[in-house]
Each structure stands twice: as C-alpha cells, then as structure tokens.
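S.K.: Need a 3D model of the sequence below.
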Amino acid sequence: MDGLTGSIAGIGAGLVTIGAGLGIGKLAASAMEGIARQPEVAPKIQVTMLIAAALIEGVALFCAVICLLGK
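M.R.: A predicted model of the protein is given here:
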C-alpha cells in the first residue's frame with residue numbers, strides 16, 4: 001500500500017504544477033492584453049501581475065509540499 005500512496009502523492013504534485021502553470025499563463029496573457037489596451041497603466045498592471053504570480057506560486061509550493069508529505 002505504501003507504493004500506491006507515493007504514486008498518488010506524485011500525481012497530486014504534478015497536478016499542482018500543471019494548475020500553477022496554467023494560472024500564471026492566464027495571468028500573464030491577461031496582463032499583456034491589458035497593457036496593450038492601456039499602455040499608460042502598464043506599471044500598475046505589472047506590479048499587480050507580479051504579486052498575483054507570487055501568490056499563485058506560494059499556494060502551488062504549499063500544495064506540492066502537502067502532497068509530498070502525504071507519502
């Protein structure tokens with residue numbers, strides 16, 4: 001049963017990585033569209049994008065650690 005738990009933890013960590021990648025990709029795409037439409041607010045959009053990306057990465061890292069600790 002121990003091998004199965006490790007496999008499930010690995011799948012969970014992989015899903016977390018895929019979700020974080022998709023989230024940051026969507027975030028960056030939306031930020032680029034916003035900057036293209038209103039270049040004058042680019043600095044505000046960039047700061048907001050970086051803060052949101054850092055939060056997504058933090059949650060993804062936390063979830064990956066939880067998955068790997070569940071072994």
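
S.K.: And for Gly12, nearest residue in space, chain neighbours not counted?
M.R.: In space, Gly12 comes closest to Cys67 once its chain neighbours are excluded; the distance is 3.7 Å by C-beta to C-beta, 6 or more residues apart in numbering. The C-beta positions use only the backbone N, C-alpha and C, and glycine is treated the same way.

S.K.: wait, Ala28 sits on Leu50?
M.R.: No: in this structure Ala28 lies outside contact range of Leu50 using C-beta atoms under 8 Å: 10.3 Å.

S.K.: So for Leu27, what pLDDT did the model give?
M.R.: Leu27 is assigned 96 on the pLDDT scale.

S.K.: Is it in a helix, a strand, or coil?
M.R.: With DSSP: H, G, I helix; E, B strand; the rest coil as the basis, Leu27 sits in helix.

S.K.: For the residue nearest the centre of the chain, which non-adjacent residue is spatially closest?
M.R.: Centroid-nearest residue in the chain: Ala20, 2.5 Å away (criterion: C-alpha atoms, centre = their mean). What sits nearest to Ala20 in space, not counting adjacent residues and going by C-beta to C-beta, 6+ apart, is Ala60, at 3.5 Å.

S.K.: The one you found sits in which helix or strand?
M.R.: For Ala60, the host element (DSSP states H and E) is helix 42-69.

S.K.: Tell me the helices and strands packed up against that helix.
M.R.: Helix 42-69 is packed against helix 2-37, with contacts defined by 3 or more C-beta pairs under 8 Å, 6 or more residues apart in numbering; DSSP states H and E.

S.K.: in the helix it packs on, what counts as buried?
M.R.: Going by neighbour count (16 or more other C-beta atoms under 10 Å), the buried part of helix 2-37 is Ala9, Gly12, Ala13, Val16, Ala20, Gly23, Ile24, Leu27, Ala31, Gly34, Ile35.

S.K.: Taking their axis directions, it and helix 42-69 sit at what angle?
M.R.: Here helix 2-37 runs at an angle of 180 degrees relative to helix 42-69 (axes from the mean of the first three to the mean of the last three C-alpha atoms, to 10 degrees).
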